[in-house]
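> what would the 3D arrangement of this be:
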Amino acid sequence: MAVKLRLQRHGKKGKPFYWIVAADARSKRDGKFLEKLGSYNPNVNPAIIDLDVDGAVRWLQNGAQPTDTAKAILSYKGALLKNHLAGGVRKGALTEEQAEAKFQAWLDEKATQVDSKKDGLAKADAEVRAKALDAEKAANEARIAAAAPVVEEEVAEDVSEETTNEVTEEVLEEATTETTEEVVEEATAEIAEEVKATNEEE
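The predicted structure follows:
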């Protein structure tokens, strides 16, 4: 029986989630499998991969063939390297301790690379957020600047209306005062004429 190490799709439409399985090459993609070796979630950056390295190495040593994508995942998690080192141990090229030390050194270097990638992504995300914030501040300042002249015009209109009202009131007061004085003068003149006419008749 030919065994393949491959991905079995799960998840929903547009959000795939994969199991890494050892399955008969003749079985359907999402059909029966012999053993589940891990999972692969490509929906985040960096992708989350959970893999049983020892189980994958055991299947590789028994002749299982990984698909291209599964091979890339096994290489990323170090399963292919561990299988290679195990072959060297079997041939007597190196001891178990040396193989384990080499594998552990590789894991440490890989963890450093992953951490640096995460830091780079976080930094890039922070820069994008900062640029978006600066753009939003600029837009707000432009909006405020565009609204300011309208306020000044409204204030000017209010001032002009107040000035007009004051001038109108002053003119009305002056006109009223002048009219009152004229009426008093005319009344006084009429009274004086009547008194004079009365005196002449007497």
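
> quick one, what contacts Glu193?
With contact set as Cβ atoms under 8 Å, 6 or more residues apart in numbering, Glu193 has no partners. C-betas here are computed from N, CA, C, even on glycine.

> so which helix or strand takes in the residue nearest in space to the middle of the chain?
Most central residue of the chain, judged by C-alpha distance to the mean C-alpha position with Cα atoms, centre = their mean, is Arg129 at 6.4 Å. When secondary structure is defined by DSSP states H and E, Arg129 falls within helix 96-201.

> tell me the average confidence for that helix?
Per-residue pLDDT over helix 96-201 has a mean of 72.

> stretch 44-54 too?
Averaged across stretch 44-54, the pLDDT comes to 87.

> again with stretch 3-20
Average pLDDT, stretch 3-20: 91.

> how far away from the center of its chain is it?
The chain centre lies 29 Å from the centre of stretch 3-20; the measure is Cα atoms, centre = their mean, to the nearest Å.

> can you get me the start-to-end distance on it?
With Cα to Cα, to the nearest Å as the measure, the ends of stretch 3-20 fall 13 Å from one another.

> re earlier: look up how far Glu136 lies from the residue nearest to the centre of the chain.
Between Arg129 and Glu136 the computed distance is 10 Å (Cβ to Cβ, to the nearest Å).

> ok, now Ala130?
Counting by Cβ to Cβ, the gap between Ala130 and Glu136 amounts to 11 Å.
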